[in-house]
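S.K.: below are the sequence and a predicted model; questions follow.
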Amino acid sequence: MRTHTADFDLVVVGGGLAGVSAAIAAARLGRRVALINNRPVLGGNSSSEVRVWVCGATAHGNQRWARENGIIGELYLENQYRNPDGNPVHWDDVVLDAVRAEPNITLLLNTDVRDVVARGPEGSRHIESVTGWTMGAETETVFRAPLFLDGTGDGLIGHLAGARARLGKEARDEFDEDWAPEEAERTFLGSTLLFYTKDVGHPVRFVAPDSAKSIRDTPIPSSRIIRSGDSGAHYWWIEWGGELDIVHDNERIRDELRSVILGIWDHIKNSGEFDAENLDLEWIGNVPGKREYRRLVGDYTLHQRDVLEQTRFDDGVAFGGWSIDLHPTEGMYSTGAGAVQRFSNGVFEIPYRSLYSADVDNLLMAGRDVSATHIAFGAARVMATCAAMGEAAGTAAALALAHGTSPRGVYESHRAELRQLLLRQDAPLIGVADADPSDLALAARVSASGVREGLGPHESAPREPYPLTHDIGIVVPVHPHLDGIDLLVTSETDTELEVEVFSTGLAQNVVPEHLEHRVSVPVSAGEARWVTAPVSWQPEAPANAVIVVRAQPGVTLFTTDDLPPGILTLVHTSDADDQNVHVSLDELLVQWPTKPLRGRSIVFRSTAPSEALAPERAVGGYQRPFGGPNLWASRPLPEGPAWIRLDWDEPVRPREIVLVLDDDPDVELNTLHHHRDPHLVMPSLARDYRVEVQTVEGDWRTVAEVADNRRRRRAHPVAPEIGAVTAARVTVTATNGSPEARVVAFRVQE
């Protein structure tokens, strides 16, 4: 056996997406990071060993403009390009390549950490080292660092260090949570095994092994949806263990889950109720996908009202949008729904104080061991949200090291700096505008070759009729005011349309919450014609409006797939993806889904000038939709190259020019699931562009010339020999499909 000691700036234990994102974030900021994982592949529950699809704030398309950017966003885009069919083996390599691309990360796979040395009294502990055993190499390593991050999911490092943790469900009164039980319970969300099937093209018989459970002796056939062609994500409800100890009973839970999978397959193959003659089992998981165990206690505990009321935090460092998703304790043996879900009306914030231990002074955590109640955890536990937490925690660790302080010290003295640093990295934040003192663009004059005319689709775009059988909501950005829209309408009779303008409540929300104005518009019978609806609204700040056109029999609107930036279409109807789930219908988000017309726009024209897509929106903004799209959109590229330019009154010395390009965060990019987007590269991304600076002598010098871009954030160093400059510009000559160039952020770092 070999034994040695290794020193790092940060030790991250756990190679799920939270740990991976934390390690990458800290490494990119120059910190030496050990990333330790006890499995042979990275990705945690998303890996090829477990094969859970990566869900996040998009919530399978229920939330709007909610896909995460930052490190998990990079992984989404790369996986879409390399792995559009969602092969879990290819996803393993997407994650592994991202880690190996960082020279500051030392990766140790198959290394199990079970010993922690921590000193100090209870409530004020300090970790000195953790020890890992690398199985195949027969090597024991002592890892020492000033900071540690628990990304184990089960909170093992915090537990061994003496950190307080929550297990099970809190009592209703503790955090005033109406979805919590009256009395506290030590019960959990259960674990799941998945399975894959394939059609082999010829008859295949199945002889059930002795371990297969007869599911006819259980409630499963009558309480769950079983179909012969489904596999993988469709069977998320094969869940059990909520009444046991998820960790200590892990082997028993796995055996029970596997026996039920074999029993379900026996039922599909041999009951005669299914068309499954040519189907065979391709794969059954052997590592249970855990949902819940320890939640380490931080300086703040996220709770139900924070999710549903979308609490604003001065230390918000990540966001979620998944529903509060609670499963029955009995799991697959419950006679009720496999899950009950309740949505917030938009994405919710996760505070930094929930990402470090309250009583171990050098321990951060991210992922499933976040400081949250059982109820709030039901919304925060999904993997893309865990990855967003990981990027925030890893960035905070780097900042703590830079300032020689603790994780709590970052909150107390540097939380504004933390949020600006996260924004500079294009991490997933909401409601944080660029106020970075090192961003020279904030002091520049902004101009552009032109701006997309109007807010509606191009009039030359192909149209399809859409009978107005449901209320329709047209989401439009309002800056500075709304002064009517024109609708293309046909009607069978003379009638009237009722058109209303609603504000959305919070800036990240896209629901018709508060009525601002209502008009009735006469419509004559006849062929398609433009009808003006003189609705008006002037918000105090840039905002989204939902223009609601009420259902009217005999009236037809038109839709087009030319979806302009900042525009969405809502349909007032019920929508349910999964019959195994019971969704609360009380929320506006559920009552007004985008999925029926996602990717399509109602054909309309805006009648007032708008600054919502002006070049100034690409400087000093939020870097994602928040009260509007927050980007510059050019005139159509066929009219000529599009450019955006910065000019300074006094020469400046840039170190780096950073571009954030539009990757359409309304599109869900699921890693392994049956949800699919047909594009390998997001059409809205700029494909070919050039970055230039103007020297004090008046010469334009090329900083970068990029072809075939498929990424959202691009950083281009400015050579020191260029010296001082008076202007900078980006010229886009081609996109990946959109008719116009779109730039979300144009930053020039000092």
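M.R.: Done, it's in. Residues are numbered from 1 along each chain as shown.
S.K.: can you show me the helices along this structure?
M.R.: For the chain, applying DSSP state H gives helices covering 17-28, 70-82, 88-100, 156-161, 172-175, 220-223, 250-270, 304-308, 374-380, 383-403, 407-424, 588-591.
S.K.: so can I have JSON lines of those helices showing mean neighbour count?
M.R.: In short, each C-beta sits where N, CA and C put it, glycine included. JSON lines is the format used below for the helices of the chain (neighbours: other CB atoms under 10 Å):
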{"stretch": "helix 17-28", "mean neighbour count": "31"}
{"stretch": "helix 70-82", "mean neighbour count": "23"}
{"stretch": "helix 88-100", "mean neighbour count": "18"}
{"stretch": "helix 156-161", "mean neighbour count": "24"}
{"stretch": "helix 172-175", "mean neighbour count": "15"}
{"stretch": "helix 220-223", "mean neighbour count": "15"}
{"stretch": "helix 250-270", "mean neighbour count": "20"}
{"stretch": "helix 304-308", "mean neighbour count": "23"}
{"stretch": "helix 374-380", "mean neighbour count": "27"}
{"stretch": "helix 383-403", "mean neighbour count": "28"}
{"stretch": "helix 407-424", "mean neighbour count": "19"}
{"stretch": "helix 588-591", "mean neighbour count": "20"}
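S.K.: export those as TSV, with columns for mean pLDDT.
M.R.: Below are these laid out as TSV (pLDDT from 0 to 100):
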stretch	mean pLDDT
helix 17-28	98
helix 70-82	97
helix 88-100	97
helix 156-161	98
helix 172-175	98
helix 220-223	94
helix 250-270	98
helix 304-308	98
helix 374-380	98
helix 383-403	98
helix 407-424	98
helix 588-591	96
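S.K.: closest one to Val113 among the ones you listed?
M.R.: Distance to Val113, taken as CB to CB, is lowest for helix 156-161 among the helices of the chain, at 6.8 Å.
S.K.: circling back: so which of the helices of the chain is nearest Arg635?
M.R.: Arg635 lies closest, by CB to CB, to one member of the helices of the chain: helix 70-82, at 26.2 Å.
S.K.: export that closest one as CSV, just CAs?
M.R.: The C-alpha coordinates for helix 70-82 follow below in CSV (Å, rounded to 0.1, in the frame of the first residue of the first chain):
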residue,chain,number,x,y,z
GLY,A,70,-22.4,29.3,-16.6
ILE,A,71,-20.6,26.0,-16.4
ILE,A,72,-23.6,23.8,-16.5
GLY,A,73,-24.8,25.8,-19.5
GLU,A,74,-21.5,25.1,-21.2
LEU,A,75,-22.0,21.4,-20.6
TYR,A,76,-25.5,21.6,-22.0
LEU,A,77,-24.4,23.2,-25.2
GLU,A,78,-21.4,20.9,-25.7
ASN,A,79,-23.6,17.8,-25.1
GLN,A,80,-26.1,19.1,-27.6
TYR,A,81,-23.4,19.4,-30.2
ARG,A,82,-21.6,16.1,-29.5
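S.K.: what's that helix packed up against?
M.R.: Applying 3 or more CB pairs under 8 Å, 6 or more residues apart in numbering; DSSP states H and E, we find helix 70-82 packed against helix 17-28, helix 88-100, helix 383-403.
S.K.: the first one - contacts with which helices or strands?
M.R.: Packed against helix 17-28 by the contact rule (3+ CB pairs under 8 Å, 6+ apart) you find strand 10-13, strand 33-36, helix 70-82, helix 88-100, strand 105-108, helix 383-403.
S.K.: switch the ones you listed over to JSON lines; also include distance to Leu147.
M.R.: Output for those, formatted as JSON lines (distance: least, CB to CB, whole Å):
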{"stretch": "strand 10-13", "distance to Leu147": "5"}
{"stretch": "strand 33-36", "distance to Leu147": "10"}
{"stretch": "helix 70-82", "distance to Leu147": "19"}
{"stretch": "helix 88-100", "distance to Leu147": "19"}
{"stretch": "strand 105-108", "distance to Leu147": "15"}
{"stretch": "helix 383-403", "distance to Leu147": "5"}
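S.K.: ok, which of these comes nearest Ala745?
M.R.: Of all those, helix 70-82 sits nearest to Ala745, with 13.2 Å by CB to CB.
S.K.: what residues does the closest one touch?
M.R.: Contact partners of helix 70-82, identified using CB atoms under 8 Å, 6 or more residues apart in numbering, comprise 17, 20-21, 24-25, 54, 56, 67-68, 90-91, 93-95, 97-98, 384, 387-388, 390-391, 422, 425-428, 663, 669, 671, 677, 679-682, 710-713.
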